[in-house]
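Novice: Curious how this folds, go ahead:
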Amino acid sequence: MKITIVGGGNIGTQFAVHCAEKGHRVSVYTSTPELYDTHLCIVDENDAVTHEGEIESATDDPETAFRDTDLIIVTVPATVMKITAEKIYNHSDSKPIIGVVPGNGGSECAFRKCIERGNIFFGIERVPAVARIVQKGKTVKSTGYRNELHIAALPSKYAEKCADLIGSFFDKKTTVIPNFLNLTMTPSNPILHTTRLRTLFKDWQKGMVYKSVPLFYEEWNDSSSELLIACDEEVQNICRALPEFDLKYVKSLREHYESPTVEAMTKKISSIPAFKGLTSPTVKVDGGFAPDLHSRYFTADFSYGLTIIKQIADFAGVKTPCIDATLAWYKDIAVEKDEFNFKDYGIFDRGDLEKFYLM
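Specialist: Model (predicted):
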């Protein structure tokens with residue numbers, strides 16, 4: 001297949017290697033094509049090469065990237081998904097299958113015009129493995145590969161075809177889930193990141209400086225676990241209020257991390273090997289550190305993550321006091337005001353939600 005990977009970061013590089021390793025013709029659409037070698041590698045935690053492949057090219061030209069391709073895999077942040085979707089719509093036709101990784105953040109709405117003209121669209125529930133760039137355009141470290149991947153598609157009748165594709169790239173069991181709303185509601189980063197940020201920086205005000213900031217996961221605490229579990233339960237309440245969507249694959253984080261209590265959650269998250277050493281999103285300022293409000297942990301996971309879950313709660317008539325308070329905290333400190341809104345895509349109520357997600 002002729003495959004274009006959109007985004008030259010952690011996940012984009014990971015996908016480029018796996019697809020190229022399987023013999024596909026791979027191009028990477030990136031803002032920094034000059035940094036790319038044609039030979040890309042994945043290494044493990046010991047820096048040993050585990051996967052490698054030859055890509056055909058890297059480009060920043062959308063016409064070159066999207067013209068006459070078979071598959072487009074999008075790995076850019078949710079904050080630029082709408083712009084990316086417009087470029088793909090303008091420079092391709094109905095031929096390519098389009099996939100997003102991960103499948104939340106409102107990407108399905110951003111690509112609605114592509115779906116309506118006939119493109120098959122799919123999303124992967126979570127990334128296949130934790131990935132961190134070692135050297136841009138050359139090497140990425142990938143650890144903690146999942147044993148199974150979950151995929152949904154719009155229209156849903158094409159999900160098996162998409163699952164077969166992704167399974168072939170990673171040699172993993174790939175399971176089709178009932179509909180795309182399962183991906184949209186997945187309480188991964190929209191709950192995991194936002195609850196941690198709120199507890200880390202709950203007292204922060206403009207001008208405040210921290211002498212040091214805990215590691216994001218490795219120094220996770222009970223306060224973060226308590227808020228995470230509370231917001232996670234609100235997500236499950238939303239799912240229970242929408243039985244027509246069969247949201248059984250929106251797995252509770254307590255189940256995902258096998259941690260039913262606050263103490264168990266703290267112990268689990270702080271000990272995950274793939275999360276070791278990951279810092280909290282901060283910037284250096286005079287005298288110490290301040291939260292990096294331009295980090296995607298803030299701009300994407302609140303405005304294109306938690307706010308989407310909140311809007312679905314409103315459609316379902318479910319109260320979410322912990323999610324509401326977390327969003328209100330962020331809006332008080334946010335420097336970027338752009339956020340996802342279903343109304344921008346013609347979805348105004350539960351009926352519209354059903355028409356779109358159950359196509």
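Novice: Next, the buried residues of stretch 66-84.
Specialist: Buried residues in stretch 66-84, counting neighbours by 16 or more other C-beta atoms under 10 Å, are found at 66, 69, 71-76, 78-82, 84. Using the backbone N, CA and C atoms, a C-beta is placed for each residue, glycine as well.
Novice: Among those, which ones are in helices?
Specialist: 66, 81-82, 84 (DSSP state H).
Novice: tell me which of these is nearest to residue 151?
Specialist: The closest of these to residue 151 turns out to be residue 81 (C-beta to C-beta; 18.1 Å).
Novice: So the closest one is in contact with residue 103, correct?
Specialist: No. If you go by C-beta atoms under 8 Å, residue 81 and residue 103 don't touch, sitting 11.2 Å apart.
Novice: picking up where we left off before, looking at the ones in helices among the buried residues of stretch 66-84, spot the one nearest residue 25.
Specialist: residue 66 (14.0 Å).
Novice: now the ones in helices among the buried residues of stretch 66-84 in JSON lines, with pLDDT and distance to residue 356?
Specialist: Compiled in JSON lines, these are given as follows (pLDDT from 0 to 100; distance: C-beta to C-beta, whole Å):
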{"residue": "66", "pLDDT": "97", "distance to residue 356": "24"}
{"residue": "81", "pLDDT": "96", "distance to residue 356": "16"}
{"residue": "82", "pLDDT": "96", "distance to residue 356": "16"}
{"residue": "84", "pLDDT": "97", "distance to residue 356": "20"}
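Novice: Tell me the one of these nearest residue 125?
Specialist: Closest to residue 125, out of all of these and judged by C-beta to C-beta, is residue 81, at 16.6 Å.
Novice: wait, what's in contact with that closest one?
Specialist: For residue 81, the contacting residues are 74, 100, 105-107, 110-111, 304, by C-beta atoms under 8 Å, 6 or more residues apart in numbering.
Novice: Buried members of those residues into PyMOL, please.
Specialist: What follows is the PyMOL syntax for the buried subset of the contacts of residue 81, where burial is set by 16+ other C-beta under 10 Å:
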select buried, resi 74+100+105+106+107+110+111+304
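Novice: what about the strands in this structure?
Specialist: Per DSSP state E, the chain carries strands over the ranges 2-6, 25-29, 39-43, 49-54, 57-59, 71-74, 97-100, 121-124, 130-135, 139-143, 148-154, 173-176, 282-285, 288-291.
Novice: Show me the one of those strands that comes nearest residue 254.
Specialist: The nearest among those, by C-beta to C-beta, is strand 148-154 at 18.1 Å.
Novice: just checking, what packs against that closest one?
Specialist: strand 121-124, helix 159-170, strand 173-176, helix 181-184 (3 or more C-beta pairs under 8 Å, 6 or more residues apart in numbering; DSSP states H and E).
Novice: just the contacts of residue 81: which has the poorest pLDDT?
Specialist: Lowest pLDDT of those: residue 105, 91.
Novice: how close does that one sit to residue 136?
Specialist: 23 Å (C-beta to C-beta, to the nearest Å).
Novice: hmm, who's touching stretch 21-40?
Specialist: 1-8, 12-13, 16-17, 19-20, 51-60, 62, 64-66, 69, 136-140, 168-169.
Novice: what does stretch 307-325 give?
Specialist: Taking C-beta under 8 Å, 6+ apart as the rule, stretch 307-325 contacts 104-106, 181, 184-185, 187, 190-191, 227, 230-231, 234-235, 237-238, 241-242, 306, 327, 339-342, 349-350, 353.
Novice: Just the buried ones from those?
Specialist: Here, 16+ other C-beta under 10 Å leaves 104-106, 181, 184-185, 187, 190-191, 227, 230-231, 234-235, 238, 241-242, 306, 327, 339-340, 342, 350, 353 buried among the contacts of stretch 307-325.
Novice: Distance check, residue 281 against residue 294.
Specialist: Taken as C-beta to C-beta, the span from residue 281 to residue 294 is 9 Å.
Novice: Look at the two and report which has more neighbours.
Specialist: residue 281 (19 against 12; other C-beta atoms under 10 Å).
Novice: Residue 181 and residue 357 touch, don't they?
Specialist: Yes. With contact defined as C-beta under 8 Å, residue 181 reaches residue 357; the gap is 4.4 Å.
Novice: wait, which of the helices and strands packed on strand 148-154 is closest to residue 215?
Specialist: Nearest of those (C-beta to C-beta): strand 121-124, 27.1 Å.
Novice: All good on my end, thank you.
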